[in-house]
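Engineer: Return a 3D structure for these sequence lines:
(one chain, ligands or ions: 1)
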Amino acid sequence: MSLLRGRNVGVSEIAERTWRIESRIGPRNLFQYLLAGDDVALLVDTGTSETPHEAILPALREVGVARIAVRFVVVTHPDLDHQGGLASLKSELPAALAACGFADRSLVSEPERLVTDRYGAYELEHHVGYSDEEKAWVRSVSGAPATIDLTFAGGEELDLGHRGLRVLHTPGHSAGHLALHDPENGLLFCSDAVHWRMCPAADGSSALPPTYEDVDPYLETIDRIASLAPAELHSGHWPARVGPEIGAFLAESRAFVTTMDVAIEDRLKDGATLRDLCEYVDARLGPFGADPVNLMFAVHGHLRRLLRRGRVSLLDPAARPLRFERTAS
Ligand SMILES: [Zn+2]
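Structural biologist: Numbering: from 1, shown residues only. Predicted structure coming up:
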C-alpha cells in the first residue's frame, strides 16, 4: 500500500488500469475500486462523506486519472460506507454519471431514508434498532442527498474504451445491489454482495455479523458469482479472494445461511421476539464483535422466509414487540 495521507489510507494497483482505494471505517477496511479504459474511468462505490477528500480524490491524483475522465460512479448499494461520498464526488467529478441499482434508488439518493427505512426498519414492530447517538453518527457520515442519473437492472454493458464491463444485479444485502464484472481480466467487484461468516476488521477478527436482508436472492447471488468463475473477487471490506479461495469463500457464505436457519428454528420452539433471536444467534454462532442488534437484518430475513414457508407463526399481531413461534410439524 502506498500511503497517501495519514495511516491506513492508500491506493494499490491490483491489475492493469485497475486500482483499489483503501481506507478504514472503524476497525474495518473500506475499499473503492477505480477501473480505467482507453476513454473513460469508472469508480465502484464512494465511501462515507469523508472518503472522497481523504482517499478517492488523492488516489485519482496519485494514479494519474483525470477527474474529467471519471464517467461512471456506481454506488453498489445503500449503506453509509458506500453512498456517503456520492454528493461530494458529483461536485468534484464534472463528467460523472451517478448510478445505482434500480431498486435502491430512493435509499441511495436520500440518505435520511437509510436511517428510517433501512437501519430503522425493525423499530416499530420489533423494538430493535440503533440508538439516537448511533443515528446521529450515521447522519454525519452518510452524505447529502444526491440525484441518481442512471439506474441499472443488471445486464448492462459499459464500454470504457477497449475495456468492457458488465453490470450484475446481485441482490440479498440490498434489493438492488450491483456488482461489476470485467470478464476479459477475470475480475469481479462484488462490494458487500457476499458476507462470508462475518465481516472482518482489518486485523482479521470479526467486526460485524453477515448482513443480508433477503435470503433466497442472497443464495442466488452466491451461486451466480460462483457460476461466473472469476479469477479474482474484490469486495468492500474482505481481503481479495483469488482462485480456489473464491470457491471456499462462497461455500462458507452459503453454509452460514444454513446454520442461521437451524439456530433460528431451534430458538423459536419456545416463542421469541426479533431481539431474542438476535441475542441467541450471537451467543450460538458468534460473537461477531458487535452489538447483537446488527443481526436484525439477516435474522429478520430468515424469519420472513420461515413465515412464507409455514414453518413459523406470528403470535399476537397487535403485540409489540412481535413474537413468533415455530409451527408444530
Ligand atoms: Zn459495506
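
Engineer: Ramachandran coordinates for residue 254?
Structural biologist: phi -70, psi -40 (degrees, to the nearest 10).

Engineer: And the pLDDT at it?
Structural biologist: With respect to pLDDT, residue 254 scores 98.

Engineer: what's near enough to touch the nearest residue to it once chain neighbours are set aside?
Structural biologist: Sequence neighbours aside, residue 222 is the residue nearest to residue 254 in space, at 5.4 Å (criterion: Cβ to Cβ, 6 or more residues apart in numbering). For the C-beta atoms, the positions are set from N, CA and C on the backbone; glycine is no exception. Each residue near residue 222 by Cβ atoms under 8 Å, 6 or more residues apart in numbering is listed here: 172, 194, 250, 253-254.

Engineer: Low-confidence bits of the stretch 51-200 of the chain, can you list those?
Structural biologist: Along the stretch 51-200 of the chain, no part satisfies pLDDT under 70.

Engineer: Run through the residues of the stretch 201-329 of the chain sitting next to the ion.
Structural biologist: Proximity of the stretch 201-329 of the chain to the ion, by Cβ under 5 Å from the ion, involves residues residue 236.

Engineer: quick one: residue 257 from the ion, how far?
Structural biologist: 19 Å (Cβ to the ion, to the nearest Å).

Engineer: And for residue 74?
Structural biologist: Distance of residue 74 to the ion, given as Cβ to the ion: 14 Å.

Engineer: where's that residue, which helix or strand?
Structural biologist: Under the criterion of DSSP states H and E, residue 74 resides in strand 70-75.

Engineer: Relative to the whole chain's centre, how far out is that strand?
Structural biologist: Centre-to-centre, strand 70-75 and its host chain are 17 Å apart (Cα atoms, centre = their mean, to the nearest Å).

Engineer: Ok, stretch 214-229 next?
Structural biologist: 14 Å.

Engineer: what does the stretch 51-200 of the chain put close to the ion?
Structural biologist: 81, 192.

Engineer: Going along the chain, name the strands of the stretch 51-200 of the chain.
Structural biologist: 70-75, 97-101, 150-152, 157-159, 164-169, 178-182, 187-191, 199-200 (DSSP state E, counting those that start in this stretch).

Engineer: Would you mind pulling up the elements that the fifth one packs against?
Structural biologist: It stands for strand 164-169. Secondary-structure packing of strand 164-169 (3 or more Cβ pairs under 8 Å, 6 or more residues apart in numbering; DSSP states H and E): strand 157-159, strand 178-182.

Engineer: Direction-wise, compare it with strand 187-191 and give the angle.
Structural biologist: Per axes from the mean of the first three to the mean of the last three Cα atoms, to 10 degrees, the angle that strand 164-169 makes with strand 187-191 is 30 degrees.
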